[in-house]
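A.B. asks: Requesting a structural model of the entry that follows:
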Amino acid sequence: MWSERRGGGKGRRERTGTAFTDIVVQAVHAVLGRRLRSVLTVLGIALGIAAALATTGITASAADAVSGRFDALKATAVTVRFHNEAARPTTAAAVRARKLNGVRSAGLLCTADERPTISALGPGYDWATPQELRVLAADEGALAALGVTARSGRLPDAGHMARGDAVALVDTVAAKALGLDALLEQTPEAAPSVHIAGRPFTVIGSFRAPAGEARLTGSVIVPYASCATDGGVLNRPQQAGSDSGGGEKSAGRKLVFGATEAVLRTELGAAQQVGQEAPLALFPEGPDRLAAIVPADLGTFRGGVESETRALFLGLAGVSLLIGALGVSNTTYVSVVERRAEIGLRRAVGAGRAAVSAQFLVECGLLGLVGGVLGTAVGVDVTAGTALAKGWLVVLDPRLTAAGPLLGLAVGMLAGVYPALAASRIAPAETLRG
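C.D. replies: Presented below is the predicted three-dimensional model:
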């Protein structure tokens, strides 16, 4: 610091006051001399910094895990819907779709327009328990694409599908409703039958609806041939020698299937491309008449999850930092009040207002820097521990990690502005008289 002194008719400029190195040394001694208060102040800042880094890191890790789960469940599923007026596609269409790059499995699926009354018949069972259940017609490729696996018995294979065998697969919910759950679990070879629109189908297995496929819950699946033939209408077969009245009666018991869907399971990252190519492979005569449904872009999904969750948790982290800063400011102001005599004495021996203010700012900055380093370490550990405990990939932004100590320094110095100004206004005469 410099001041202007004049004497002997000449002005001369000489250095007075306190050097910055002296201010730093005095600030360090003041911090170390009040250890308990300094420790509590450091912990307040460290808590805020740790909360900010932990919430940011956990949010990023959680968003990555959520989008990863989205990848596994939905990002590989592509559905192509045929219009009602389009001809029913044959299994050859599914074969062409399976040859597309990035396609793991593909098949055809129809869903009945209404839920028919289904009855079960088997050892120990009769027609006494009819149930209204959803009926789907699917080939083996569609079952693979939907992730259907047998819980008991077996799944229909390509032979069943090609021959159009009257076999059926029932969901565990449907099996329980029909009273077949115990029978299928204990003796799958019992081969009970279910009657759909008056036509018997032999139950060869049961399955549990995969996650995310609610339409398969409580359903009965029959071969795709039941949908592909007779214009998508499942009728009770005519009996030999039946009269016209019986024929009219049986004709009334029919099940109409809706438009065909092609379900495809792709490799990760291939859904968008497959969605563009699949309509042409499935229906070359009129690909524009098909509607492809592909999952949302993963980059957009990930960005939405991260932005929404990060905004929430950063708000909470900001509150923690504010509380820490207020604690530092309050503690430092109390220290100013307690050290009035010391401040007055320093002012009396030549320390200027700026020197006094600078000392308190340096004290708060040192405490903030130490708190920032400690908070950064704790925040990284909390983020890593939480992510590992949940089985997530640990995602940390190195820029935020490096900025942790600097953020602590900034918070400490900002919190020390008011106490520093209050200290600089203390008059030496008043403190020495008191």
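
A.B. asks: and the host helix or strand of T401, what does it pack onto?
C.D. replies: Using DSSP states H and E, T401 maps to helix 398-415. Packing partners of helix 398-415 (3 or more C-beta pairs under 8 Å, 6 or more residues apart in numbering; DSSP states H and E): helix 35-73, helix 298-338, helix 353-390. The way it works is simple: take the backbone N, C-alpha and C, and place the C-beta from them, glycine included.

A.B. asks: In the strand or helix carrying I23, which residues are buried?
C.D. replies: I23 belongs to helix 20-33 when assigned by DSSP H and E. Residues of helix 20-33 classed as buried by neighbour count (16 or more other C-beta atoms under 10 Å): 23-24, 26-27, 30-31.

A.B. asks: coming back round to it: show me which positions of the helix holding T401 end up buried.
C.D. replies: By neighbour count with 16+ other C-beta under 10 Å, helix 398-415 contains the buried residues 400-401, 403-405, 407-415.

A.B. asks: Then stretch 289-298?
C.D. replies: Across stretch 289-298, burial judged by 16+ other C-beta under 10 Å covers 290, 292, 294-295, 298.

A.B. asks: picking up where we left off before, could you dump the helices and strands packed on helix 398-415 to CSV with mean pLDDT and distance to T266?
C.D. replies: CSV is the format used below for those (pLDDT from 0 to 100; distance: least, C-beta to C-beta, whole Å):
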stretch, mean pLDDT, distance to T266
helix 35-73, 75, 11
helix 298-338, 73, 13
helix 353-390, 87, 27
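
A.B. asks: nearest to A209, of these?
C.D. replies: Closest to A209 of the helices and strands packed on helix 398-415 is helix 35-73 (C-beta to C-beta; 13.3 Å).

A.B. asks: And the next helix or strand past the helix or strand bottoming out on mean pLDDT in the chain?
C.D. replies: Among the helices and strands of the chain, helix 244-251 carries the lowest confidence by mean pLDDT, DSSP states H and E, at a mean of 40. Remark: after helix 244-251, the chain's next helix or strand is strand 254-256, criterion DSSP H and E.

A.B. asks: could you pull out the helices for the stretch 101-250 of the chain?
C.D. replies: Remark: helices assigned in the stretch 101-250 of the chain by DSSP state H, counting those that start in this stretch are 140-146, 158-163, 172-178, 181-186, 225-228, 244-251.

A.B. asks: which one of those helices lies closest to T332?
C.D. replies: Nearest to T332, of all these, is helix 140-146, at 64.7 Å by C-beta to C-beta.

A.B. asks: re earlier: so which of the helices and strands packed on helix 398-415 comes closest to A19?
C.D. replies: With C-beta to C-beta, the closest approach to A19 among the helices and strands packed on helix 398-415 belongs to helix 353-390: 9.1 Å.

A.B. asks: Only the buried residues of the closest one, if you could.
C.D. replies: Buried residues in helix 353-390 (16+ other C-beta under 10 Å): 355-380, 382-384, 386-387.

A.B. asks: How about stretch 210-224?
C.D. replies: The neighbour-count check on stretch 210-224 (16+ other C-beta under 10 Å) flags 213, 216, 218-224 as buried.

A.B. asks: can you tell me the distance between the two ends of it?
C.D. replies: 20 Å (C-alpha to C-alpha, to the nearest Å).

A.B. asks: how distant is that stretch from the center of its chain?
C.D. replies: 26 Å (C-alpha atoms, centre = their mean, to the nearest Å).

A.B. asks: about what we covered before: now, the buried residues of stretch 210-224 that are in strands?
C.D. replies: 219-223 (DSSP state E).

A.B. asks: ok, those vs P192, which is closest?
C.D. replies: V220 (12.2 Å).

A.B. asks: list the contacts for that closest one?
C.D. replies: Going by C-beta atoms under 8 Å, 6 or more residues apart in numbering, V220 touches 118, 133-136, 168-171, 174, 194, 196, 201.

A.B. asks: what do you get if the cut-off is 10 Å, keeping everything else the same?
C.D. replies: Counting by C-beta atoms under 10 Å, 6 or more residues apart in numbering, V220 touches 112, 116, 118, 131, 133-137, 168-171, 174-175, 178, 194, 196, 201, 203.

A.B. asks: go on, A162?
C.D. replies: With contact taken as C-beta under 10 Å, 6+ apart, A162 is in contact with 91, 139-140, 223, 225.

A.B. asks: before we move on, what about F82?
C.D. replies: With contacts defined as C-beta under 10 Å, 6+ apart, the neighbours of F82 are 88-89, 93, 108, 110, 258-262, 279, 282-283, 286, 289-291.

A.B. asks: change it to 6 Å
C.D. replies: The contact partners of F82, taken as C-beta atoms under 6 Å, 6 or more residues apart in numbering, are 259-260, 290.

A.B. asks: Could you list the low-pLDDT ranges of the stretch 151-300 of the chain?
C.D. replies: 188, 231, 235-253, 296-300 (pLDDT under 70).

A.B. asks: Swap in 50 and give it another go.
C.D. replies: Along the stretch 151-300 of the chain, the parts satisfying pLDDT under 50 run over 239-252.

A.B. asks: Which of the contacts of V220 fall in strands?
C.D. replies: Using DSSP E, the contacts of V220 in strands are 118, 131, 134-137, 168-171, 194, 196, 201, 203.

A.B. asks: Right, I'll call it a day here.
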